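Enquirer: Let me see the structure of the following:
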Amino acid sequence: MKLMATWLNINAQDSASPLMEQLTFFHDHAMLILLIITLIVSYIMATLFTNKYINRFLLEGQTIELIWTIAPAVTLIFIALPSLRLLYLLDEINCPLVSAKSIGHQWYWSYELSDFKTIEFDSYMIPANEMKPFNFRLLDVDNRLPLPFKSQIRMMVSSTDVIHSWTIPSAGVKIDASPGRLNQTTFFLNRPGLFFGQCSEICGTNHSFMPIVIESISPKSFINWVKSY
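Expert: Now for the predicted structure:
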(Lines give C-alpha, C1' and ligand atoms only; values in the text may rest on other atoms or scores of the structure.)
Protein backbone atom coordinates (compact mmCIF):
# COMPACT_ATOMS: atom_id res chain seq x y z
CA MET A 1 0.00 0.00 0.00
CA LYS A 2 1.27 3.45 -0.97
CA LEU A 3 0.03 6.56 0.82
CA MET A 4 0.54 9.97 -0.78
CA ALA A 5 -1.43 13.02 -1.82
CA THR A 6 -3.00 12.50 -5.26
CA TRP A 7 -4.51 14.78 -7.88
CA LEU A 8 -7.73 16.56 -6.81
CA ASN A 9 -7.69 14.86 -3.39
CA ILE A 10 -8.86 17.59 -1.00
CA ASN A 11 -9.34 15.21 1.93
CA ALA A 12 -6.78 14.03 4.46
CA GLN A 13 -4.77 10.97 3.48
CA ASP A 14 -5.83 7.62 4.90
CA SER A 15 -4.31 7.36 8.35
CA ALA A 16 -1.53 4.90 9.02
CA SER A 17 -1.25 5.53 12.77
CA PRO A 18 -3.60 6.01 15.75
CA LEU A 19 -2.48 9.63 16.14
CA MET A 20 -3.45 10.46 12.57
CA GLU A 21 -6.84 8.84 13.16
CA GLN A 22 -7.38 11.15 16.13
CA LEU A 23 -6.28 14.16 14.09
CA THR A 24 -8.81 13.23 11.40
CA PHE A 25 -11.58 12.83 13.99
CA PHE A 26 -10.76 16.24 15.45
CA HIS A 27 -10.77 17.80 11.98
CA ASP A 28 -14.24 16.36 11.31
CA HIS A 29 -15.45 17.52 14.75
CA ALA A 30 -14.23 21.09 14.17
CA MET A 31 -15.62 21.19 10.63
CA LEU A 32 -19.05 20.09 11.87
CA ILE A 33 -19.11 22.94 14.40
CA LEU A 34 -18.03 25.41 11.70
CA LEU A 35 -20.78 24.11 9.40
CA ILE A 36 -23.44 24.60 12.08
CA ILE A 37 -22.21 28.16 12.81
CA THR A 38 -22.16 28.99 9.08
CA LEU A 39 -25.72 27.72 8.58
CA ILE A 40 -27.07 29.60 11.61
CA VAL A 41 -25.40 32.89 10.63
CA SER A 42 -26.50 32.48 6.98
CA TYR A 43 -30.09 31.87 8.08
CA ILE A 44 -30.10 34.94 10.35
CA MET A 45 -28.64 37.15 7.61
CA ALA A 46 -31.18 35.84 5.07
CA THR A 47 -34.07 36.60 7.40
CA LEU A 48 -32.74 40.13 8.00
CA PHE A 49 -33.13 40.86 4.28
CA THR A 50 -36.62 39.40 4.00
CA ASN A 51 -38.55 40.25 7.16
CA LYS A 52 -40.51 43.45 7.87
CA TYR A 53 -39.73 43.71 11.58
CA ILE A 54 -39.07 47.34 12.58
CA ASN A 55 -38.63 48.77 16.08
CA ARG A 56 -37.55 52.42 16.21
CA PHE A 57 -37.30 52.43 20.00
CA LEU A 58 -35.23 49.26 20.58
CA LEU A 59 -32.12 50.36 22.50
CA GLU A 60 -30.97 47.19 24.24
CA GLY A 61 -31.75 43.51 24.63
CA GLN A 62 -30.18 42.00 27.73
CA THR A 63 -31.35 38.47 26.97
CA ILE A 64 -30.03 38.25 23.42
CA GLU A 65 -26.73 39.90 24.44
CA LEU A 66 -26.32 37.27 27.15
CA ILE A 67 -27.00 34.50 24.62
CA TRP A 68 -24.56 35.75 22.00
CA THR A 69 -21.86 36.14 24.65
CA ILE A 70 -22.26 32.71 26.25
CA ALA A 71 -22.92 30.69 23.07
CA PRO A 72 -19.51 31.42 21.43
CA ALA A 73 -17.74 30.70 24.73
CA VAL A 74 -19.44 27.29 25.00
CA THR A 75 -18.63 26.57 21.34
CA LEU A 76 -14.95 27.36 21.92
CA ILE A 77 -14.91 24.99 24.90
CA PHE A 78 -16.26 22.19 22.67
CA ILE A 79 -13.33 22.83 20.31
CA ALA A 80 -10.65 23.48 22.94
CA LEU A 81 -11.10 20.37 25.10
CA PRO A 82 -10.56 17.78 22.31
CA SER A 83 -7.75 19.97 20.95
CA LEU A 84 -5.88 20.00 24.28
CA ARG A 85 -6.37 16.25 24.70
CA LEU A 86 -4.90 15.66 21.25
CA LEU A 87 -2.03 18.07 21.90
CA TYR A 88 -0.92 16.07 24.94
CA LEU A 89 -1.37 12.76 23.09
CA LEU A 90 0.94 13.96 20.32
CA ASP A 91 3.58 14.94 22.88
CA GLU A 92 3.51 11.63 24.75
CA ILE A 93 6.54 9.31 24.60
CA ASN A 94 5.39 5.71 25.06
CA CYS A 95 8.31 3.30 25.64
CA PRO A 96 9.65 3.23 22.05
CA LEU A 97 10.91 -0.11 20.69
CA VAL A 98 12.96 1.45 17.89
CA SER A 99 14.76 4.80 17.81
CA ALA A 100 15.79 6.47 14.57
CA LYS A 101 17.53 9.76 13.94
CA SER A 102 16.93 11.97 10.92
CA ILE A 103 19.30 14.82 10.04
CA GLY A 104 18.28 17.45 7.52
CA HIS A 105 20.77 18.81 5.01
CA GLN A 106 20.52 21.13 2.03
CA TRP A 107 18.88 19.24 0.32
CA TYR A 108 18.65 15.63 1.44
CA TRP A 109 18.06 13.59 4.60
CA SER A 110 20.45 11.29 6.40
CA TYR A 111 19.33 8.59 8.83
CA GLU A 112 20.91 6.82 11.79
CA LEU A 113 19.68 3.71 13.62
CA SER A 114 21.87 2.74 16.55
CA ASP A 115 19.67 0.51 18.75
CA PHE A 116 21.18 -2.73 17.42
CA LYS A 117 24.29 -1.61 15.58
CA THR A 118 25.27 1.68 14.00
CA ILE A 119 23.49 2.06 10.66
CA GLU A 120 23.92 5.30 8.74
CA PHE A 121 22.82 6.21 5.22
CA ASP A 122 21.79 9.19 3.12
CA SER A 123 18.48 9.53 1.32
CA TYR A 124 18.38 11.55 -1.91
CA MET A 125 15.49 12.17 -4.26
CA ILE A 126 15.72 10.05 -7.42
CA PRO A 127 16.29 12.43 -10.36
CA ALA A 128 13.95 12.25 -13.35
CA ASN A 129 16.57 10.72 -15.68
CA GLU A 130 17.19 7.80 -13.28
CA MET A 131 13.57 6.92 -12.46
CA LYS A 132 12.18 3.44 -13.00
CA PRO A 133 8.56 2.82 -14.10
CA PHE A 134 7.54 2.06 -10.50
CA ASN A 135 9.10 5.23 -9.04
CA PHE A 136 7.13 8.38 -8.20
CA ARG A 137 8.34 11.69 -9.57
CA LEU A 138 9.63 14.13 -6.90
CA LEU A 139 8.60 11.71 -4.13
CA ASP A 140 10.80 8.60 -4.35
CA VAL A 141 14.27 8.31 -2.86
CA ASP A 142 17.26 6.06 -3.44
CA ASN A 143 17.34 4.83 0.19
CA ARG A 144 14.02 4.44 2.00
CA LEU A 145 13.82 4.30 5.80
CA PRO A 146 12.60 0.82 6.85
CA LEU A 147 10.62 0.75 10.10
CA PRO A 148 8.61 -2.07 11.72
CA PHE A 149 4.83 -1.75 11.92
CA LYS A 150 2.92 -2.52 15.14
CA SER A 151 5.87 -1.01 17.03
CA GLN A 152 6.31 2.30 18.82
CA ILE A 153 8.87 4.37 16.92
CA ARG A 154 10.85 7.28 18.34
CA MET A 155 12.09 9.72 15.72
CA MET A 156 14.80 12.21 16.68
CA VAL A 157 15.27 15.08 14.25
CA SER A 158 18.00 17.67 13.82
CA SER A 159 19.66 19.71 11.09
CA THR A 160 23.16 20.67 10.01
CA ASP A 161 22.43 23.95 8.24
CA VAL A 162 18.97 25.59 8.16
CA ILE A 163 15.54 24.74 9.58
CA HIS A 164 13.88 21.78 7.85
CA SER A 165 10.69 19.94 8.79
CA TRP A 166 10.38 16.13 8.78
CA THR A 167 6.79 15.38 7.79
CA ILE A 168 4.83 12.19 7.08
CA PRO A 169 1.13 13.21 6.75
CA SER A 170 -0.36 9.69 6.83
CA ALA A 171 1.47 8.96 10.12
CA GLY A 172 0.47 12.28 11.69
CA VAL A 173 4.10 13.37 12.09
CA LYS A 174 5.44 16.89 11.54
CA ILE A 175 8.50 17.99 13.48
CA ASP A 176 11.00 20.76 12.86
CA ALA A 177 14.66 19.95 12.26
CA SER A 178 16.56 22.85 13.82
CA PRO A 179 20.37 23.24 13.73
CA GLY A 180 21.93 22.77 17.15
CA ARG A 181 18.75 21.25 18.61
CA LEU A 182 17.49 17.66 18.87
CA ASN A 183 13.70 17.32 18.69
CA GLN A 184 11.86 14.06 19.14
CA THR A 185 8.45 12.58 18.48
CA THR A 186 6.87 9.14 18.44
CA PHE A 187 4.46 7.36 16.15
CA PHE A 188 2.97 3.91 15.69
CA LEU A 189 2.50 2.44 12.20
CA ASN A 190 -0.63 0.31 11.84
CA ARG A 191 0.16 -1.55 8.65
CA PRO A 192 2.81 -2.24 6.01
CA GLY A 193 3.24 0.09 3.06
CA LEU A 194 5.14 3.03 1.62
CA PHE A 195 4.45 6.35 3.32
CA PHE A 196 5.58 9.51 1.54
CA GLY A 197 6.34 12.95 2.90
CA GLN A 198 8.30 16.08 2.13
CA CYS A 199 10.17 18.83 3.93
CA SER A 200 7.53 21.27 5.21
CA GLU A 201 9.79 24.22 6.04
CA ILE A 202 11.07 26.47 3.26
CA CYS A 203 14.80 25.74 3.45
CA GLY A 204 16.29 27.12 0.28
CA THR A 205 16.45 26.63 -3.47
CA ASN A 206 15.83 22.88 -3.55
CA HIS A 207 13.33 22.76 -0.70
CA SER A 208 10.87 20.89 -2.94
CA PHE A 209 13.39 18.17 -3.77
CA MET A 210 14.11 16.44 -0.45
CA PRO A 211 11.28 13.91 -0.05
CA ILE A 212 10.88 11.40 2.78
CA VAL A 213 9.86 7.76 2.29
CA ILE A 214 9.14 5.31 5.10
CA GLU A 215 8.90 1.64 4.21
CA SER A 216 6.75 -0.02 6.87
CA ILE A 217 7.69 -3.70 7.11
CA SER A 218 7.11 -6.53 9.57
CA PRO A 219 9.31 -6.68 12.70
CA LYS A 220 10.85 -9.93 11.43
CA SER A 221 11.76 -8.34 8.09
CA PHE A 222 13.15 -5.32 9.93
CA ILE A 223 15.42 -7.52 12.08
CA ASN A 224 16.60 -9.36 8.96
CA TRP A 225 17.37 -6.01 7.30
CA VAL A 226 19.39 -4.88 10.33
CA LYS A 227 21.35 -8.17 10.30
CA SER A 228 22.09 -7.91 6.60
CA TYR A 229 23.18 -4.26 6.66
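Enquirer: okay but H207 is in contact with C199, surely?
Expert: Yes: using CB atoms under 8 Å, H207 makes contact with C199 at a distance of 5.9 Å. No exception for glycine: its C-beta is placed from N, CA and C like everyone else's.
Enquirer: Helices of the chain, start to end?
Expert: Assigned helices in the chain, in chain order: 18-50, 62-90, 219-228 (criterion: DSSP state H).
Enquirer: Output those helices in TSV; the columns should cover mean pLDDT.
Expert: Listed next are these as TSV, based on pLDDT from 0 to 100:
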stretch	mean pLDDT
helix 18-50	92
helix 62-90	92
helix 219-228	91
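Enquirer: Let me have these in TSV, adding distance to A177 and mean neighbour count as columns.
Expert: Output for these, formatted as TSV (distance: least, CB to CB, whole Å; neighbours: other CB atoms under 10 Å):
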stretch	distance to A177	mean neighbour count
helix 18-50	19	12
helix 62-90	17	11
helix 219-228	24	13
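Enquirer: Columns distance to V162 on top of those helices, output as TSV?
Expert: Converted to TSV, those look like this (distance: least, CB to CB, whole Å):
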stretch	distance to V162
helix 18-50	27
helix 62-90	25
helix 219-228	31
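Enquirer: To S170, which of the ones you listed lies closest?
Expert: Closest approach to S170 among the helices of the chain is made by helix 18-50 (6.3 Å; CB to CB).
Enquirer: which other helices and strands contact that closest one?
Expert: helix 62-90, strand 183-188 (3 or more CB pairs under 8 Å, 6 or more residues apart in numbering; DSSP states H and E).
Enquirer: Quick one, which of the helices of the chain gets closest to M125.
Expert: The closest of those to M125 is helix 219-228. By CB to CB, the value is 21.8 Å.
Enquirer: Endpoints of stretch 122-140, how far apart?
Expert: 13 Å (CA to CA, to the nearest Å).
Enquirer: What of stretch 83-103?
Expert: By CA to CA, one end of stretch 83-103 lies 30 Å from the other end.
Enquirer: Next, count neighbours for the nearest residue to Q198 once chain neighbours are set aside.
Expert: For Q198, ignoring the flanking residues on the chain, the nearest one in space by CB to CB, 6 or more residues apart in numbering is P211 at 5.1 Å. Other residues lying near P211 total 21 when counted by other CB atoms under 10 Å.
Enquirer: Including distance to S99, could the helices and strands packed on helix 18-50 go into JSON lines?
Expert: Converted to JSON lines, the helices and strands packed on helix 18-50 look like this (distance: least, CB to CB, whole Å):
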{"stretch": "helix 62-90", "distance to S99": "18"}
{"stretch": "strand 183-188", "distance to S99": "9"}
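Enquirer: Quick check: which of those is nearest to S102?
Expert: Between S102 and the helices and strands packed on helix 18-50, the tightest spacing by CB to CB is seen for strand 183-188, at 10.0 Å.
Enquirer: Sheet partners, orientation included, of the closest one?
Expert: strand 152-159 (antiparallel) (DSSP bridges).
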